[in-house]
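**Q** What shape does this take:
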Amino acid sequence: MTIALITALVLGILLQILPKLMEWKPVKKFDDTLDRLRKFSPLLLRYGTAAALIVQVLSGSLLAPEIHINTFGYMVGAAVIMLLLIPNHFAHKIAAVGLILVFIEATLRIGTFHMLDYGFYVAITFTLFVQKTKIENWGTPFLYLGTGLSLCWVAVEKWVFPGLSMNIIAAHDVPTFGFSPEMFISMSAFIEFVVGYLLVVGVLNRILALVLTVIFFMTTTLFGAVEIVGHFMVHVILIIFILEGISFYKPPIKIHQTVLDQIVFVFLNFLFVLAAMVLIYYRFA
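**A** Residues are numbered from 1 along each chain as shown. This next block holds a predicted model:
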């Protein structure tokens, strides 16, 4: 609870600092450069999804390392990969339908509760399906929302079932930087939850997305092949977020005028979302 209160306060202050940081000339130049690359986001999503599926299929899994691929997965997965590589938006829409079928089949096989960890695949499906349509602009916000909720859900798992993460720390000799394993797991879960929360409320700017991407790549060097299979798609999404920024979204914090009101709003809103997610997870668990 102490960490939750400190985190909520830091978030409130951080969101006042970030706009000032974005006005710094080198940062602004970096931001302008990425703005010109936004047009490549749809291509990155399609080819990145295809690459992630290829890596998964070759490893004998689909969507996640623990979901072993079956005949249905091989057939539909191969079809989705080929359709995504075809430069035609109708093929991409069919691929999106195939991807959601694979997700539904995996959900029926291992359960809704577990597949909520990978809810970002639903967001990917929606984003692919609405490309080249009148509601294409809805795709990126939905991708932010789906990925953010998935990260929040995975973070809560570390608080409810810390033993799972402790086994990973013991098996891979993960450094805890002087903290006890229990405290390290709790703090790492807060970092993951904060990132998910910032994605949901639309205030994860390009700098934070870049920092998070670097951290995720560092974990890949620690856990090896399993981490590559499990987080390849997440890396692709984060790179898309670096290109996209948040120019499409007006954060709810802007409805408040004064700095104090904005800090209080973020402080209380974060605690509410945190409590709601933990309550929902405990209810299902």
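**Q** if I look at L9, how far off is H68?
**A** From L9 across to H68, the span is 44 Å (Cβ to Cβ, to the nearest Å). Just so you know, the C-beta spots here come from the backbone N, C-alpha and C atoms, and that holds for glycine as well.
**Q** Oh, that last question was meant for V27, not what I typed.
**A** 45 Å.
**Q** Same check on A4?
**A** The gap separating A4 from H68 is 37 Å, by Cβ to Cβ.
**Q** now E136
**A** Taking Cβ to Cβ as the measure, E136 falls 35 Å from H68.
**Q** what ranges do the helices span in the stretch 151-285 of the chain?
**A** 162-172, 181-201, 206-223, 225-244, 259-284 (DSSP state H, counting those that start in this stretch).
**Q** can you give me phi and psi for the residue nearest to F265 when sequence neighbours are not counted?
**A** Excluding its sequence neighbours, the residue lying closest to F265 (Cβ to Cβ, 6 or more residues apart in numbering) is H256, at 5.3 Å. Main-chain dihedrals, H256, degrees, to the nearest 10: phi -100, psi 140.
**Q** H256 contacts V266, doesn't it?
**A** No - distance between H256 and V266: 9.2 Å, which falls outside the contact criterion (Cβ atoms under 8 Å).
**Q** between the two, which one's more packed in?
**A** Each of H256 and V266 has its neighbours counted (other Cβ atoms under 10 Å); V266 has more, 26 against 14.
**Q** For A123, give me its contacts.
**A** Going by Cβ atoms under 8 Å, 6 or more residues apart in numbering, A123 touches F142, L143, L145, G146, T147.
**Q** Counting neighbours, which of those comes out on top?
**A** Result: T147 is most packed of the contacts of A123 (other Cβ under 10 Å), 26 neighbours.
**Q** Secondary structure element holding that residue?
**A** T147 belongs to helix 139-160 when assigned by DSSP states H and E.
**Q** L271: what's its closest spatial neighbour, skipping adjacent residues?
**A** A8 (5.3 Å).
**Q** list the helices and strands the host helix or strand of that neighbour packs on?
**A** Per DSSP H and E: A8 is located in helix 2-22. The helices and strands touching helix 2-22, judged by 3 or more Cβ pairs under 8 Å, 6 or more residues apart in numbering; DSSP states H and E, are helix 25-35, helix 181-201, helix 206-223, helix 259-284.
**Q** Just want the angle from the longest one to helix 2-22.
**A** With axes from the mean of the first three to the mean of the last three Cα atoms, to 10 degrees defining the directions, helix 259-284 sits at 130 degrees from helix 2-22.
**Q** Next, the angle helix 139-160 makes with helix 259-284.
**A** 60 degrees.
**Q** Kindly report the same for the second one.
**A** What separates the directions of helix 181-201 and helix 139-160 is an angle of 160 degrees, with the same axes, to 10 degrees.
**Q** And for the first one?
**A** Orientation of helix 25-35 against helix 139-160 (the same axes, to 10 degrees) gives an angle of 110 degrees.
**Q** which other residues reach helix 25-35?
**A** Contacts for helix 25-35 (Cβ under 8 Å, 6+ apart): L21, M22, R206, I207, I242, L243, G245, S247.
**Q** how about a cut-off of 6 Å?
**A** R206, L243 (Cβ atoms under 6 Å, 6 or more residues apart in numbering).
**Q** So which bits of the next helix or strand after that helix are buried?
**A** For helix 25-35, the succeeding helix or strand toward the C-terminus, using DSSP H and E, is helix 41-58. For helix 41-58, the neighbour count (16 or more other Cβ atoms under 10 Å) marks 41-42, 44-46, 48-57 as buried.
**Q** quick one: helix 41-58 to chain centroid distance?
**A** How far helix 41-58 lies from its chain's middle: 15 Å, per Cα atoms, centre = their mean, to the nearest Å.
**Q** what do you get for stretch 188-204?
**A** With Cα atoms, centre = their mean, you get 9 Å for stretch 188-204.
**Q** what about it, average pLDDT?
**A** Averaged across stretch 188-204, the pLDDT comes to 79.
**Q** what comes up buried for that stretch?
**A** 188-190, 192-204.
**Q** Likewise for stretch 4-13?
**A** Buried-residue list, stretch 4-13, by 16+ other Cβ under 10 Å: A4, T7, A8, L11, G12.
**Q** repeat for stretch 96-104
**A** A96, G98, L99, I100, L101, V102, F103.
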